[in-house]
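1. 3D model of this:
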Amino acid sequence: MAFAKRDLSVLAYANGFTLWHYTTPDPHTGVRVSGYFNAAESMLRVGDMILANTGTAGASPAAGILLVNANAAGVVDVADLTPVGATDTD
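-> Numbers count the residues shown, from 1 in each chain. Down below sits the predicted model:
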């Protein structure tokens with residue numbers, strides 16, 4: 001699948017920093033690749049964070065934080081997903 005701009009929303013904005021939320025059926029391994037967020041390059045800034053819910057249509061959803069670590073010449077790159085709630089020992 002591909003990035004869907006309608007699924008990216010602002011949660012908070014302060015001091016030139018934006019905290020975003022993004023949800024997608026795409027797996028986190030596809031979302032973290034350079035270029036996935038290119039359609040949002042005019043909105044995303046280096047240092048912004050994206051709370052991501054990925055793989056929402058499958059059997060292995062993942063949630064975590066993506067850091068925008070580059071946005072130049074129309075190409076957006078995010079760091080690998082830092083998982084949230086990855087371990088459930090129950």
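2. For the rest of this, base every contact and every neighbour count on C-alpha atoms.
-> OK.
3. Can you list the buried residues in stretch 29-42?
-> V31, R32, S34, G35, Y36, F37, N38, A39, A40, E41 (16 or more other C-alpha atoms under 10 Å).
4. Kindly indicate which of the residues you listed lies nearest T56.
-> Distance to T56, by C-alpha to C-alpha, is smallest for V31 among the buried residues of stretch 29-42, at 12.4 Å.
5. Which residues are in contact with the closest one?
-> F3, F37, T54 (C-alpha atoms under 8 Å, 6 or more residues apart in numbering).
6. still on that earlier bit, so which of the buried residues of stretch 29-42 are in helices?
-> Of the buried residues of stretch 29-42, the ones assigned to helices by DSSP state H are V31.
7. Dump the buried residues of stretch 29-42 into a markdown table; add distance to D90 and pLDDT as well.
-> Compiled in a markdown table, the buried residues of stretch 29-42 are given as follows (distance: C-alpha to C-alpha, whole Å; pLDDT from 0 to 100):
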| residue | distance to D90 | pLDDT |
| --- | --- | --- |
| V31 | 29 | 94 |
| R32 | 29 | 94 |
| S34 | 35 | 96 |
| G35 | 37 | 97 |
| Y36 | 34 | 97 |
| F37 | 35 | 98 |
| N38 | 39 | 97 |
| A39 | 40 | 97 |
| A40 | 38 | 97 |
| E41 | 40 | 97 |
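8. could you dump the buried residues of stretch 29-42 to CSV with distance to S60?
-> Below are the buried residues of stretch 29-42 laid out as CSV (distance: C-alpha to C-alpha, whole Å):
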residue, distance to S60
V31, 14
R32, 16
S34, 22
G35, 23
Y36, 20
F37, 22
N38, 25
A39, 26
A40, 26
E41, 28
